[in-house]
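Q: sequence unavailable; structure follows:
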C-alpha cells in the first residue's frame, strides 16, 4: 500500500473528469507525487541525524529538533497530497452508485434501461450533469480548501518558506542558548519553493475548472429559459458548432496516459 | 510509484514517435534512467555523511556542505530526467483528443489519429523543441552551479561558525566526476537526436509541400 494505490484509485476518476481535471491529475502525479518520492524524500532523509547543535548536553539536540520541526515538511506534503486527492473519491463513489442503479434496472428487466449488458454499463462514461455535477463541483471546492489550508499551515508553522541555516535554541535541557545547524537548508528551501509553486498551479487549475463548470451551468440554464419550445432537430449551425465545442472541451483527452487508463 | 511511472509514460509515447524518437526513448531509458537508478543514486547516497571537514566545531560541516552543494547534483539529475520527459505528454494528449473527436462524431475524421500530419506534426515539433530547450537549460544550470563538471577533492570553507578557513573533503570525487561526464555525454547525445529529428521532420514536410505545389502548378 503506497502511492501506487493512490494512482490506481485516481486513475479511475480520470475518465469522468473534464480536460482541466485531467491536466490537474497529470500535474499532481508528475510534479508533486513523483518529485516527492524520487527527490524530496532523499533530501529530508537525514534531517534528524544531521541536525547538529553546538553542545554536548544529552537530549538538547532532540528537544531543539522537536521544537523547530513539530511536523516534518515531508510528512506535511504527504498529508497534503492525500487530502487533496481524496475529494475525487466522492466522484468515484457517485459514479459507482449510478452504475449500481443501472445494473439493478438491467436485472429487473426494466424497459427504460438503455443498456444491453453489464459490460456496457461498466464501460459507460457518465457526463457531468445533474447530481454528478454537484458532486464534482463540491469535490473541486474541497480540493481548493484543503490546498489553501495546507499552504497556510506551512507558512504559519515555519514562518515563511525559507529554511534557515542556523537556529538558536534555549529549550530545557539546553544550557543557555545553543546554536543548532540544519542539514541542507538551501536544497530544502529550493524544494519547498518548488512544491509551493506547483501547489499554486494546482489551485489555479482548480479555480479555472470551477469557473468553467459554473459558466457552462449558467449558459445551459439561460439557453433553456430563453428557448422553452426549442426543438433539438432545428438547432442552428452555430449552436451545433458551439455544442460540439463544449463537448470537445469537456470530453477531450480521454485516456491520456497509459498509466491512468482504466 | 516512482521511476516506473515515468517508464510507463514514455512507453505510451513510443507508439506515436518517429524512428529517431524511439532511439531517443531507448537512450533515455537505458543510458539515463537505468544508470541513474542502479548506479548513480548509490554514489551520492552518503554524500552528506561522508563529507568531512578538518574541524571539531559543531555545525561547520553542515554549513560548508550547504554552501558547496546548494542543490545536490543527483537531485538536479532526477529533475532533469522528469522535466525532459514531460513534453512527450503533449503528443499523447493530442492523439487522445483526436481519437475522442472521432468517437464523438462516429466518423473517420483523420486517416489515422496517430499519424503525424497537420496539427499532430506541429505538436510533435513543439515537444522536440521543448525537450531540447530543457536539456540545454539543465546543462547550463549544472555548469553554473558547480563551476564546470569537475568535482574537487578538497574545498576550503570559511563560513560561520567554522573557525578561520577549514579544509573539507568531498567523498568519491572521481566517481562523481565520471558519472557527471556520463550525464553530460548522454544529454549531448539526446540533444543531437532531438535536433536531427527536428531537422528531418522539417525537411520531409518542406519536400512534401514543395511536391504538392509543384504538382498543382503542373495541372
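A: Structure received. All of these numbers come straight from a predicted model, not from anything done at the bench.

Q: so residue B:163, which of the three states?
A: coil (DSSP: H, G, I helix; E, B strand; the rest coil).

Q: setting aside sequence neighbours, what's the nearest residue to it?
A: With sequence-adjacent residues excluded and distances taken as CB to CB, 6 or more residues apart in numbering or on different chains, residue B:163 is closest to residue B:57, at 5.9 Å. C-beta coordinates here come from the backbone N, C-alpha and C atoms, glycine included.

Q: so that neighbour makes contact with residue B:161?
A: Yes. Here residue B:57 reaches residue B:161: they are 5.8 Å apart, a contact under CB atoms under 8 Å.

Q: could you look up the SS state of the residue nearest to residue B:163?
A: Residue B:57 is classified as coil under three-state DSSP.

Q: tell me who's in contact with it.
A: Counting by CB atoms under 8 Å, 6 or more residues apart in numbering or on different chains, residue B:57 makes contact with A:54, B:161-163, B:166.

Q: which among these end up buried?
A: A:54, B:161-162, B:166 (16 or more other CB atoms under 10 Å in any protein chain shown).

Q: distance to residue A:31 and pLDDT added to those residues, as CSV?
A: Listed next are the buried ones among the contacts of residue B:57 as CSV, based on distance: CB to CB, whole Å; pLDDT from 0 to 100:
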residue, distance to residue A:31, pLDDT
A:54, 38, 92
B:161, 37, 89
B:162, 37, 92
B:166, 38, 93
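
Q: residue A:46: which of these is nearest?
A: Relative to residue A:46, the closest of the buried ones among the contacts of residue B:57 is residue A:54; by CB to CB it sits at 18.7 Å.

Q: so what's the closest one up against?
A: By CB under 8 Å, 6+ apart, the contact list for residue A:54 reads A:178-181, B:57-59, B:161.

Q: and if you look at residue B:27?
A: B:186, B:189-190, B:193.

Q: which single one of those is nearest to residue A:24?
A: Nearest to residue A:24, judged by CB to CB, of the contacts of residue B:27 is residue B:190 at 28.9 Å.

Q: okay, now that closest one: neighbour count?
A: Look at residue B:190: counted by other CB atoms under 10 Å in any protein chain shown, it has 20 neighbours.

Q: ditto for residue A:147
A: The number of residues packed near residue A:147 is 18, by other CB under 10 Å.

Q: my guess is it contacts residue A:199. True?
A: Yes. The criterion here is CB under 8 Å, and residue A:147 meets it with residue A:199 at 5.8 Å.

Q: overlap of the contact sets of those two?
A: Common neighbours of residue A:147 and residue A:199 are listed as residue A:80 (criterion: CB under 8 Å, 6+ apart).

Q: ok, residue A:60 to residue A:171 distance?
A: Separation of residue A:60 from residue A:171 (CB to CB, to the nearest Å) stands at 8 Å.

Q: neighbour count winner among these two?
A: residue A:60 (21 against 15).

Q: residue contacts, that one?
A: By CB under 8 Å, 6+ apart, the contact list for residue A:60 reads A:53, A:169, A:171, A:173-175, A:178.

Q: can you rerun that using 6 Å?
A: Neighbouring residues of residue A:60 by CB atoms under 6 Å, 6 or more residues apart in numbering or on different chains: A:53, A:173-174.

Q: what do you get for residue B:43?
A: For residue B:43, the contact set (CB under 6 Å, 6+ apart) comprises B:172, B:175, B:179.

Q: okay, now the residue in the stretch 151-262 of chain A that chain B sits nearest to: neighbour count?
A: Nearest residue of the stretch 151-262 of chain A to chain B (CB to the nearest CB) works out as residue A:181 at 3.5 Å. Counted with other CB under 10 Å, residues neighbouring residue A:181 total 22.

Q: hmm, back to that, quick check, nearest of the contacts of residue B:27 to chain A?
A: For these, the residue nearest chain A by CB to the nearest CB is residue B:186; the value is 18.0 Å.

Q: how about residue A:89: what's its closest non-neighbour residue?
A: Nearest non-adjacent residue to residue A:89, counting by CB to CB, 6+ apart: residue A:9, 6.8 Å away.

Q: and the gap between the one you found and residue B:140?
A: Distance of residue A:9 to residue B:140, given as CB to CB: 40 Å.

Q: just want to know which of the two has more residues nearby.
A: residue A:9 (14 against 10).

Q: okay, and that one sits in which element?
A: Here residue A:9, judged by DSSP states H and E, is contained in helix A:3-14.

Q: next secondary structure after that helix?
A: Using DSSP H and E, the helix or strand that directly follows helix A:3-14 along the chain is helix A:19-27.

Q: is any part of that following helix close to chain B?
A: No. Helix A:19-27 stays clear of chain B (CB under 6 Å from any CB of the partner chain), getting no nearer than 6.7 Å.

Q: so residue B:52 sits right up against residue B:167, yeah?
A: No. With contacts counted by CB atoms under 6 Å, residue B:52 stays clear of residue B:167, the gap being 9.1 Å.

Q: hmm, which of the contacts of residue B:43 are the buried ones?
A: B:172, B:179.

Q: and chain A, which of the contacts of residue B:43 contact it?
A: With the criterion set as CB under 6 Å from any CB, no member of those is near chain A.

Q: show the model's pLDDT score for residue 58.
A: No chain was given, so I picked chain A. pLDDT, residue A:58: 88.

Q: you looked at the wrong chain, it should be chain B
A: With respect to pLDDT, residue B:58 has a value of 91.
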